[in-house]
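Engineer: Provided below are the primary sequence and the corresponding predicted coordinates.
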Amino acid sequence: MKRWLWVIGLAAVAGVGIWWGMRPQPVPVETLALTAKPLRVTVEEEGKTRLRSRYVISAPVAGYLRRLQLKAGETVRAGAVIATLEPPRPAVLDARTVEQGGARVAAAERALQVAQSRVATQGEQVRSAKAELDYWTQQRQREERLRKSGDVAATRLERTVTDLRRAEAAVAAAERGLATTEAEVEAAKAEVATARAALRQTARAATGESIPVVAPAGGRVIRVVRESEGVVGPGEPLVEIGDARAIEVVVEVLSADAVRIAPGMRVLLDRWGGPKVLEARVRLVEPGGFTKISALGVEEQRVRVVADLVSPEGEWAALGDGYRVEAAFVLWEGEKVMQAPANAVFRVGDGWAVFVVEGGVARRRAVQVGHRSGVAVEILGGVREGETVILHPDETVGEGKAVTGGKA
């Protein structure tokens, strides 16, 4: 009898152990109570600051630049002399070049003498042609008087008129030749002057005048492009100035996000190095986009968005041109919004649902969602404030499944 009692007892203990081991175990989960709190939907991108108005001061003409005394960060007023340009320095002449220059001067002087002698000869030709013209003019007058009295034949008068016209043409040709020869003389004089000027070695050009380069507007020196003295060409940049207090923020956003951004929209600037988050307002969404290669090698269509700082100047006084900022464009925000973590909401067909914990059991609830941020979803209906939802539900969580766990 005792033996059977032991057998029955051991079987009961084994049955209880098997039941205990095979009973359903609650699934460990992480939960969170729903609350109503502020929600903000943003588009975040990296941007940089730039001066709204900047001036690149360039050399107006070619010349020799004196060393600039300005340094980056200095303040300049409108009309102040930024740099001074002197006439270009002449090239240093070696012995061979000097000899060649002397030969060119001598050749130019001889050409001038020849041209001057030709002017004298051409002048004699002009005077001779004019004398011939005077003779035929007087002869025509005499024959016209005699023709009226019948003492001279008509053919004789016609020959005289022809000779007169030939003399007029000769005078005109001689005068044109004289004018051409005089022009050659002037050109020869200029050639002589050029050859002599090329031969002379001077520290400066003949005038010795310098040209001041002035600032078109007041501001601070942003960058000194050319500091050392030396030869500069026309249009070469020297100094870049601008108003350091007129700063704007430029952000390159994806074109799909740019269509949701409008002028006047709030922009929050963070991670710029200061203790406070700065606020700005969108001023311009550029109408044209451009292609940019991302760090992963993907082509992206991006659009530049320009925003103006509206925070007090004392909060962002340390910002300068080309500083990096993290910009968050506020697309929508609410002060008291029922919301659930984005990792608690999942798709069910064409709708959305969450798992709610009721008495230690998971219950699936269909919910209506509204705005979505990166970490939270606006809940429009389906659950109440204070109810507990399951975070990161996986395949082990189902309708009616016992759950256990703590709140996040």
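Structural biologist: Happy to help now that I have it. Worth saying up front: this structure is predicted, and the values here are computed from it rather than measured.

Engineer: and Gly351, how many neighbours?
Structural biologist: The number of residues packed near Gly351 is 11, by other CB atoms under 10 Å. Glycine gets a C-beta too; all of them are placed from N, C-alpha and C.

Engineer: quick one: it and Arg364 touch, right?
Structural biologist: No: taking contact to mean CB atoms under 8 Å, the distance of 11.2 Å between Gly351 and Arg364 leaves them out of contact.

Engineer: Make sure Ala170 is actually in contact with Ala129.
Structural biologist: Yes: checked against CB under 8 Å, the pair Ala170 and Ala129 is within contact range at 4.4 Å.

Engineer: Need phi/psi at Phe290.
Structural biologist: Per-residue torsions, Phe290: phi -150, psi 160 (degrees, to the nearest 10).

Engineer: Tell me how far it lies from Val282.
Structural biologist: For Phe290, the distance to Val282 under the criterion CB to CB, to the nearest Å works out to 19 Å.

Engineer: Point out where this structure drops to low pLDDT.
Structural biologist: In the predicted model, the chain carries pLDDT under 70 at residues 1-2, 16-24, 89-95, 97-98, 150-152, 198-209, 406-408.

Engineer: Show me which positions of stretch 27-44 end up buried.
Structural biologist: By neighbour count, with 16 or more other CB atoms under 10 Å as the criterion, the buried positions of stretch 27-44 are 27, 29-31, 34, 39-43.

Engineer: for stretch 335-354, that is, sorry about that
Structural biologist: Of the residues in stretch 335-354, those scored as buried under the neighbour-count criterion (16+ other CB under 10 Å) are 337-341, 344-345, 352-354.

Engineer: Let's see which of those residues end up in strands.
Structural biologist: When DSSP state E is applied, these are split such that 337-341, 352-354 fall in strands.

Engineer: what's the farthest-apart pair in those residues?
Structural biologist: Using CB to CB, those reach their maximum pairwise distance at Val337 and Ala353, which is 19.3 Å.

Engineer: start to end distance for stretch 289-309?
Structural biologist: Start-to-end span of stretch 289-309 (CA to CA, to the nearest Å) is 23 Å.

Engineer: same question, stretch 308-320
Structural biologist: End-to-end distance for stretch 308-320, by CA to CA: 14 Å.

Engineer: what sits up against stretch 247-256?
Structural biologist: Among residues not part of stretch 247-256, those counted as contacts by CB atoms under 8 Å, 6 or more residues apart in numbering are 43, 45-52, 261, 267, 269, 280, 283, 289, 292, 300-309, 316, 319-321, 325, 327, 329.

Engineer: hmm, which of those residues are the buried ones?
Structural biologist: If you count burial by 16+ other CB under 10 Å, the buried members of those come out as 43, 45, 47, 49-51, 261, 267, 269, 280, 283, 289, 300, 302-307, 309, 316, 319, 321, 325, 327, 329.

Engineer: picking up where we left off before, between Gly351 and Arg364, what contacts are shared?
Structural biologist: Taking CB under 8 Å, 6+ apart as the contact criterion, Gly351 and Arg364 have no common neighbours.

Engineer: Contacts for stretch 215-229, please.
Structural biologist: Applying CB under 8 Å, 6+ apart, the set of residues contacting stretch 215-229 is 51, 53-57, 64-68, 70-80, 82, 232, 236-244, 321.

Engineer: Go through it and flag the buried ones.
Structural biologist: Counting neighbours by 16+ other CB under 10 Å, one finds that the buried residues in stretch 215-229 are 215, 219-222, 224, 226.

Engineer: Give me the subset of those that lies in strands.
Structural biologist: Among the buried residues of stretch 215-229, DSSP E puts 219-222, 224 in strands.

Engineer: Show me which of those is closest to Asp394.
Structural biologist: Distance to Asp394 across those (CB to CB) is lowest for Ile222, with 55.9 Å.

Engineer: The nearest residue to that closest one once chain neighbours are set aside: helix or strand, and which one exactly?
Structural biologist: Take Ile222 and drop its neighbours on the chain: the residue closest to it by CB to CB, 6 or more residues apart in numbering is Glu240, 4.7 Å away. In the assignment (DSSP states H and E), Glu240 maps to strand 237-242.

Engineer: just the strands in the stretch 101-250 of the chain please.
Structural biologist: 211-214, 219-224, 230-232, 237-242, 247-254 (DSSP state E, counting those that start in this stretch).

Engineer: which one of the ones you listed lies closest to Val377?
Structural biologist: Nearest to Val377 among the strands of the stretch 101-250 of the chain is strand 247-254 (21.7 Å), distances taken as CB to CB.

Engineer: In three-state terms, label Gly274 for me.
Structural biologist: In the three-state summary, Gly274 is assigned as coil, counting by DSSP: H, G, I helix; E, B strand; the rest coil.

Engineer: picking that back up, can you redo the ones in strands among the buried residues of stretch 215-229 as TSV with distance to Arg118?
Structural biologist: Written out in TSV, the entries for these read as follows (distance: CB to CB, whole Å):
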residue	distance to Arg118
Gly219	63
Arg220	66
Val221	61
Ile222	63
Val224	58
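
Engineer: Check these against Arg110 and report the nearest one.
Structural biologist: Nearest to Arg110 among these is Val224, at 52.5 Å by CB to CB.

Engineer: Beta-bridge partners for the closest one, please?
Structural biologist: Residues found in beta-bridge contact with Val224 (criterion: DSSP bridges) are Val239.

Engineer: now it: how far from Arg266?
Structural biologist: For Val224, the distance to Arg266 (CB to CB) stands at 37 Å.

Engineer: how deep is Asp134 tucked in, by neighbour count?
Structural biologist: Taking other CB under 10 Å as the neighbour definition, Asp134 ends up with a count of 12.
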